[in-house]
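Chemist: Sequence and predicted structure are below.
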Amino acid sequence: MTLPAPTYDLVLLLDPRVEDDARAKIVADTRATIDGNGELLRHDDWGERALSYPIEKQANAEYHLLQFHASGSELLDGLDRTLRITDGVVRFRIIKLNPGVPDAPEMAAAPAVRQPEAPAAPAEVEAAETDEMAPAVEPDPPAEAPPAEAPVAEIV
């Protein structure tokens, strides 16, 4: 009895500062490599999202999830080598899924990442500082501790 080929997840993080055509080519080449040596099951474009931590002074990346079957290590080695040297790839991770792992959730592309607002101009800051401020409210004094209960019986 032949076992089915293992299923892999490839999470691909692309640099959003790279041109759209170059990012599309990276994804198309990756898909073609998988189709040539394996079987592509699914490709989800999750759009641009914030990173958990900055990578190479970047706060955002374009996320892609590709699920595929690969019967040999040639495909995995080829993807690893190609994605390591490709400009525009921030990070990637190939994970072998255990049998019985639920499917990845259906995620819509994230809304456009909002850029931080510029700080207020000095004139606006001065105007805000001269406005009357509401009087400060003093906090309530701490509640007194309840009296200790007298023992019901003393042990002699």
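Modeler: Received it, and whenever you're ready, just let me know what you need. All figures in this text were calculated on a predicted structure; none of them were measured in a lab.
Chemist: ok, and the closest non-adjacent residue to residue 39?
Modeler: Once flanking residues are discounted, residue 39 sits nearest to residue 69: 4.3 Å by C-beta to C-beta, 6 or more residues apart in numbering. The C-beta positions use only the backbone N, C-alpha and C, and glycine is treated the same way.
Chemist: can I assume that neighbour is in contact with residue 42?
Modeler: No - with contacts counted by C-beta atoms under 8 Å, residue 69 stays clear of residue 42, the gap being 10.9 Å.
Chemist: so the closest residue to residue 86 other than its chain neighbours, which of the three states?
Modeler: Once flanking residues are discounted, residue 86 sits nearest to residue 26: 6.0 Å by C-beta to C-beta, 6+ apart. Three-state call for residue 26 (DSSP: H, G, I helix; E, B strand; the rest coil): helix.
Chemist: just to revisit the earlier point, okay, residue 69 and residue 42: which has more neighbours?
Modeler: residue 69 (15 against 12; other C-beta atoms under 10 Å).
Chemist: quick one: contacts for residue 34?
Modeler: Contacts of residue 34 were listed using C-beta atoms under 8 Å, 6 or more residues apart in numbering, and they are 10, 40, 66, 68, 70, 75, 79.
Chemist: tell me the average confidence for the helix or strand residue 62 falls within?
Modeler: Per DSSP states H and E, residue 62 falls inside strand 58-69. When pLDDT is averaged along strand 58-69, the result is 93.
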